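Peer 1: Sharing a sequence plus its predicted fold:
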Amino acid sequence: MFFGCHLSASGGYTAMVETALSIGANTFAFFTRNPRGSRAKKEDPADAARAVQMLRDNRFGKLVAHGAYTMNLCTAAPEARAFAAEVLEDDLRRMAALPGNFYNFHPGSHVGQGTEAGIEYISAALKQALRHDYPVKVLLETMAGKGSEIGGRFEELKAIIDAVGSENVGVCLDTCHVYDGGYDIVKDLDGVLAEFDRVVGLDRLCALHVNDSKNPFASHKDRHECLGRGSLGLETFARIVNHPALKDKPMILETPNALPGYQKEIEILRSLES
Ligand code: FE
Ligand code: FE
Ligand code: ZN
């Protein structure tokens, strides 16, 4: 199985693979640029090529890169929206240095314009970016439904997927977000996955963020907790890692940890495999 965590990209790709190996991870996530700004690092093709070889040699699963939080494809001001769309295109182009991996992002917040308008803006930007056909699959993250966030309902993700009309769009399911969003994966994981299959299709599910939640069910808050210390609990993660529809997907920790904590949680996830 493929377990990993979010890593700092500051030392480059090779350094991330080395860090991942040192904590027992065989996949990982990283921000493609400053998560709270928009600046990206200078590209280093030799570093990327070395990382690609190391990933192959060590049989890593697909990586799950993460777009910047500030990239809101459905923000209100047209110039800001256009800038976000440029950032998206640039991220996909950069991801071509690590071909065949995933690029996940938060669909966006419609900031009062309404869900429908938001979905239209996001879909248009994605369609535009995907015309380049870079070797990367784009994943929409399931959101907690905080504020005017889009992606808190499976129907919203499905509407974007349909409007874009590309095989290159999938979904990354965040366990904290869906639980916060009102999908009860603690009491009924099978029911939630059946609902996902009915609305979106399980063939679109490509990766998971495995996070516990600091808040109770359907709180729409989005505060991650360490595995087993939140409202999801280890039994839920045991069901997740062993679920036939999920077990082959990269599972990424975004829990409040430094590296030793992540190493421990990767061990926990492996110990839950039956
Ligand atoms: Fe995220
Ligand atoms: Fe997440
Ligand atoms: Zn979150």
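Peer 2: Noted; the coordinates are in hand. Ligands and ions are numbered 1, 2, ... in the order given.
Peer 1: C-alpha only now, for contacts and for neighbours.
Peer 2: OK.
Peer 1: Show me where the stretch 151-274 of the chain has its helices.
Peer 2: For the stretch 151-274 of the chain, the helices defined by DSSP state H, counting those that start in this stretch cover 154-164, 175-181, 189-199, 233-241, 259-272.
Peer 1: I'd like to know the average pLDDT value across the third one.
Peer 2: Right, the one you point to is helix 189-199. Across helix 189-199, pLDDT averages out at 98.
Peer 1: and the helices of the stretch 151-274 of the chain, which is most packed in?
Peer 2: Ranked by mean neighbour count under mean count of other CA atoms under 10 Å, those are led by helix 175-181, which reaches a mean of 28.
Peer 1: Not counting it itself, show me its contacts.
Peer 2: 142-145, 152-153, 184-186, 208-213, 215-224, 232 (CA atoms under 8 Å, 6 or more residues apart in numbering).
Peer 1: Could you tell me which residues make contact with A25?
Peer 2: 2-5, 263, 266 are the contacts of A25 under CA under 8 Å, 6+ apart.
Peer 1: Show me which pair in those residues is furthest apart.
Peer 2: Spanning the widest gap among the contacts of A25 are F2 and Q263, at 13.5 Å by CA to CA.
Peer 1: Can you name every helix or strand that the helix ranked longest in the chain contacts?
Peer 2: As assigned by DSSP state H, the longest helix anywhere in the chain is helix 78-95. In terms of contacts (3 or more CA pairs under 8 Å, 6 or more residues apart in numbering; DSSP states H and E), helix 78-95 is packed against strand 101-105, helix 115-130.
Peer 1: roughly how far is the last one from the heart of the chain?
Peer 2: Its chain's C-alpha centre and that of helix 115-130 lie 18 Å apart, by CA atoms, centre = their mean, to the nearest Å.
Peer 1: could you say what helices and strands it packs with?
Peer 2: Using 3+ CA pairs under 8 Å, 6+ apart, helix 115-130 sits against helix 78-95, strand 108-109, strand 149-150, helix 154-164.
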